[in-house]
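Participant: no sequence for this one, just the structure:
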Ligand SMILES: [Zn+2]
């Protein structure tokens with residue numbers, strides 16, 4: 001978004017109250033401003049929720065997880081009571097179109113289960129309509145050689161640069177074209193399912209045009225958003241996003257919306273035209289009491305943004321009755337085929353922006369601390385929301401802090417279906433765990449653009465294993481010490497110079513961590529501080545060895561665990577050290593949850609099997625008087641195979657201490673082992689290849705070595721005529737004596753062959 005430096009935002013009013021240490025990047029000032037809540041210790045927060053008509057994608061994941069982290073920090077670190085309201089947009093032009101098209105398509109498919117002339121001509125008509133409307137440069141006769149020829153010649157990548165929707169339309173037409181061309185093969189009476197599915201994208205436009213207006217059953221417009229709302233909630237649960245304090249659904253607030261619009265009209269800020277009601281931006285600003293477009297004054301009048309905000313079913317001609325192109329719809333008259341509610345202006349439905357103003361006002365009131373959403377919502381959605389609410393409440397500052405999450409890119413590119421880099425939340429969760437995704441988001445400042453790329457993911461893995469390894473070591477040390485105490489050992493309390501230094505590092509990390517969170521909730525810095533203090537503790541462990549103060553390292557681990565929990569990385573239930581096992585990636589099991597209800601036998605059996613197998617093995621070897629190396633390899637197998645599969649790592653220590661038993665993430669261990677195995681396999685293969693090469697060279701040498709050096713030249717009579725007693729040539733074929741330099745070269749060849757031949761003879765003899 002280009003920002004015109006001459007266009008200034010209106011002055012922001014500093015909230016009344018005692019200032020806090022916390023600073024937040026406020027879009028209303030575009031600077032970090034000191035956070036002052038309306039009521040001390042309390043935060044009211046409204047967050048724009050999803051428009052539910054399709055699967056959530058990585059952009060949603062980033063926005064809602066980043067918001068969740070910020071919300072948790074305010075609640076669990078700064079100790080505020082956070083009242084968090086989030087809406088569900090279940091009335092929207094995109095929903096209406098999608099619901100109607102899906103309904104009409106499945107009805108058509110049900111009515112036309114088998115192939116017929118009817119279906120073919122319908123698809124052909126749909127093809128023509130789609131092509132003329134969306135890709136006028138394409139031949140509009142479906143199933144034609146002309147189209148196929150054009151599709152072959154067209155430069156898709158070039159076209160897509162000029163028209164971002166080109167690839168989508170091109171794919172739809174190409175698929176339908178193939179169906180029409182091949183349609184003759186499918187005999188009348190055969191099932192039409194496949195053919196209709198392939199032509200769906202072009203067919204639904206025609207069906208909607210012809211029959212859309214006849215769709216009146218409100219159920220149709222409720223089922224689709226209800227399905228996707230559940231889907232969204234499941235995604236949020238999988239991402240460990242806290243549920244809102246209050247959820248508001250637009251379809252349940254229509255009467256309140258009507259009243260809200262009525263009051264705005266009564267205040268003189270709204271007017272009716274052709275059954276729709278619009279916000280009057282001119283009268284809103286007249287008198288200087290209010291300012292429109294506080295967030296992005298430089299975006300005022302940007303027709304493309306305003307149009308998009310109005311929705312694709314809105315009338316957008318000069319005849320729409322709007323007084324100014326800046327005005328926007330509060331209430332839309334519903335045409336046939338669109339869901340409708342009664343209102344003083346006739347049957348209609350709420351506009352997009354008004355819903356958030358009404359629901360937030362209903363739940364939170366005439367003023368709130370924080371309003372948040374993705375940065376793409378700043379204009380016109382949030383600016384319109386502010387205008388509506390300030391017009392309704394007749395107040396100057398409805399929202400004190402507007403927080404906007406940055407964009408998400410995939411490998412540097414905007415995510416889009418036509419670029420084929422579109423990732424849904426479910427797809428992402430098949431590849432990465434919820435913890436890895438949350439780490440990726442926390443490693444980027446919430447308001448900055450996030451590039452989801454390999455570099456970030458490898459950073460995620462490094463940070464993840466740094467914490468996991470540290471927690472496993474400390475948990476094992478704590479358990480080890482507890483066993484020693486239970487055995488009656490008296491553990492010395494240590495506070496020497498090494499411990500003093502470690503505690504000082506912890507205190508410093510805590511101070512820096514606090515400063516990072518106060519500075520606009522800087523989670524990337526905060527995470528690095530946690531990684532840093534873990535590194536210090538690891539240095540301590542390496543130095544202290546058998547004289548480790550478990551109390552000191554456990555203190556570091558507990559603090560890091562607590563701070564990670566603040567960011568939404570849940571802690572283990574069985575101890576206060578470490579995060580939960582990462583159960584969402586592929587191959588994970590629910591062992592952590594099942595453990596609490598399982599019987600002793602169920603829990604102990606796999607471990608006892610290891611013990612018993614080892615005993616059998618060692619016993620057999622002892623009876624057979626096997627060499628000690630075989631007994632050692634049995635004990636290695638316990639560590640490297642059996643226990644690994646159970647998520648247990650044994651770390652050998654010096655001779656004075658027994659091995660350290662660490663319970664670690666099984667999936668992580670297995671990944672590490674698979675990596676190690678793959679490396680060893682590669683090494684073995686390289687070695688085998690080298691050996692093969694060596695053998696090939698030997699065979700080549702032996703072949704050459706068969707020739708006796710004494711006969712190697714004497715057969716070459718076309719080149720030489722006389723030889724000495726060793727078979728070395730002295731005269732050329734013409735009888736002239738060979739020059740000295742030539743003789744020298746031949747002697748060299750001779751000596752080489754002599755060596756090869758000797759080796760050959762020796763090997764022959766040896767064999
Ligand atoms: Zn909203």
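Facilitator: Happy to help now that I have it. These numbers come from a predicted model, not from an experiment.

Participant: quick one: the helices in the stretch 651-767 of the chain?
Facilitator: Assigned by DSSP state H, counting those that start in this stretch, the helices in the stretch 651-767 of the chain fall at 666-705, 740-766.

Participant: minimum distance to residue 106: which of the ones you listed has it?
Facilitator: Among these, the nearest to residue 106 by C-beta to C-beta is helix 666-705 (40.6 Å). Using the backbone N, CA and C atoms, a C-beta is placed for each residue, glycine as well.

Participant: OK, contacts around the nearest residue to residue 469 once chain neighbours are set aside?
Facilitator: Leaving aside its chain neighbours, residue 469 sits nearest to residue 664 (7.8 Å; criterion: C-beta to C-beta, 6 or more residues apart in numbering). Shown in contact with residue 664 (C-beta atoms under 8 Å, 6 or more residues apart in numbering): 468, 469, 472, 647, 648, 649.

Participant: these into TSV, with extra columns for secondary structure?
Facilitator: Below are those laid out as TSV (DSSP: H, G, I helix; E, B strand; the rest coil):
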residue	secondary structure
468	helix
469	helix
472	helix
647	coil
648	strand
649	strand
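
Participant: now do the same end-to-end measure for stretch 344-361.
Facilitator: End-to-end distance of stretch 344-361 (C-alpha to C-alpha, to the nearest Å): 22 Å.

Participant: centre of the chain to it, how far?
Facilitator: Chain-centre distance of stretch 344-361: 34 Å, with C-alpha atoms, centre = their mean, to the nearest Å.

Participant: can you pull the contacts of residue 93?
Facilitator: 311, 312, 313, 314.

Participant: just the residues you listed now: which is nearest the ion?
Facilitator: Comparing the contacts of residue 93 against the ion with C-beta to the ion places residue 311 closest, at 13.6 Å.

Participant: just checking, residue 314 is part of a strand?
Facilitator: No - read with three-state DSSP, residue 314 is coil and lies in no strand.

Participant: my read: it touches residue 333, true?
Facilitator: No - if you go by C-beta atoms under 8 Å, residue 314 and residue 333 don't touch, sitting 9.8 Å apart.

Participant: so between those two, which is more surrounded?
Facilitator: residue 333 (21 against 18; other C-beta atoms under 10 Å).

Participant: ok, now how distant is the residue nearest to that one when sequence neighbours are not counted from the ion?
Facilitator: In space, and not counting its chain neighbours, residue 333 is closest to residue 275: 3.1 Å by C-beta to C-beta, 6+ apart. As judged by C-beta to the ion, to the nearest Å, residue 275 and the ion stand 24 Å apart.

Participant: spell out which parts of this protein neighbour the ion.
Facilitator: Residues of the chain lying near the ion by C-beta under 5 Å from the ion: 48, 356.

Participant: any stretches of the chain with poor pLDDT?
Facilitator: Along the chain, segments meeting pLDDT under 70 span 1-5, 183-187, 315-319, 418, 575, 582-598.

Participant: 80 instead?
Facilitator: The chain contains residues with pLDDT under 80 at 1-6, 182-189, 312, 314-320, 416-420, 573-576, 581-602, 666-672, 767.

Participant: what residue in the stretch 101-250 of the chain comes nearest to the ion?
Facilitator: residue 250 (9.9 Å).

Participant: contacts only, for that residue.
Facilitator: Neighbour list for residue 250: 87, 88, 89, 90, 91, 257, 350, 355, 359 [criterion: C-beta under 8 Å, 6+ apart].

Participant: pick out the most distant pair among those residues.
Facilitator: Using C-beta to C-beta, the two most remote members of the contacts of residue 250 are 88 and 257, lying 14.5 Å apart.

Participant: relative to residue 468, how far out is residue 649?
Facilitator: Going from residue 649 to residue 468 by C-beta to C-beta, to the nearest Å gives 11 Å.

Participant: so between those two, which is more surrounded?
Facilitator: Neighbour count, other C-beta under 10 Å: between residue 649 and residue 468, residue 649 has more, with 22 against 19.

Participant: name the SS class of the residue of the stretch 401-550 of the chain found nearest the ion, please.
Facilitator: Closest contact between the stretch 401-550 of the chain and the ion, by C-beta to the ion, is at residue 402 (11.6 Å). Three-state assignment for residue 402 (three-state DSSP): strand.

Participant: list the contacts for it?
Facilitator: 26, 27, 28, 295, 370, 371, 372, 378, 382.

Participant: and of those residues, the nearest to the ion?
Facilitator: residue 382 (7.0 Å).

Participant: how far away is the closest one from residue 372?
Facilitator: On the measure of C-beta to C-beta, residue 382 and residue 372 end up 10 Å apart.

Participant: joint contacts of these two?
Facilitator: 48, 402.

Participant: what about the residue lying closest to residue 10 once chain neighbours are set aside, neighbour count?
Facilitator: Leaving aside its chain neighbours, residue 10 sits nearest to residue 291 (4.3 Å; criterion: C-beta to C-beta, 6+ apart). By the measure other C-beta under 10 Å, the count of residues near residue 291 is 17.

Participant: OK, contacts around the closest residue to the ion within the stretch 551-700 of the chain?
Facilitator: Residue nearest to the ion within the stretch 551-700 of the chain (C-beta to the ion): residue 568, separated by 23.3 Å. Residue 568 makes contact with 65, 68, 69, 72, 240, 241, 242, 438, according to C-beta under 8 Å, 6+ apart.

Participant: among the residues you listed, which ones are in helices?
Facilitator: Of the contacts of residue 568, the ones assigned to helices by DSSP state H are 65, 68, 69, 72, 438.

Participant: contacting residues for the nearest residue to the second one once chain neighbours are set aside?
Facilitator: Pointing back at residue 68 there. Leaving aside its sequence neighbours, residue 68 sits nearest to residue 241 (C-beta to C-beta, 6+ apart; 4.4 Å). Residues near residue 241 by C-beta under 8 Å, 6+ apart: 64, 65, 68, 568.

Participant: can you redo these as CSV with distance to residue 739?
Facilitator: As requested, the contacts of residue 241 are arranged in CSV below (distance: C-beta to C-beta, whole Å):
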residue, distance to residue 739
64, 89
65, 85
68, 90
568, 88
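
Participant: closest one of those to the ion?
Facilitator: For the contacts of residue 241, the nearest to the ion is residue 64 (13.6 Å; C-beta to the ion).

Participant: what is the burial count for that closest one?
Facilitator: Neighbours of residue 64 (other C-beta under 10 Å): 25.

Participant: can you check residue 447 too?
Facilitator: For residue 447, the neighbour count with other C-beta under 10 Å is 18.

Participant: surely it and residue 407 touch.
Facilitator: No - if you go by C-beta under 8 Å, residue 447 and residue 407 don't touch, sitting 10.3 Å apart.

Participant: now tabulate the helices of the stretch 651-767 of the chain in JSON lines and tack on mean neighbour count and distance to residue 77.
Facilitator: What follows is these, written out as JSON lines (neighbours: other C-beta atoms under 10 Å; distance: least, C-beta to C-beta, whole Å):
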{"stretch": "helix 666-705", "mean neighbour count": "12", "distance to residue 77": "28"}
{"stretch": "helix 740-766", "mean neighbour count": "13", "distance to residue 77": "77"}
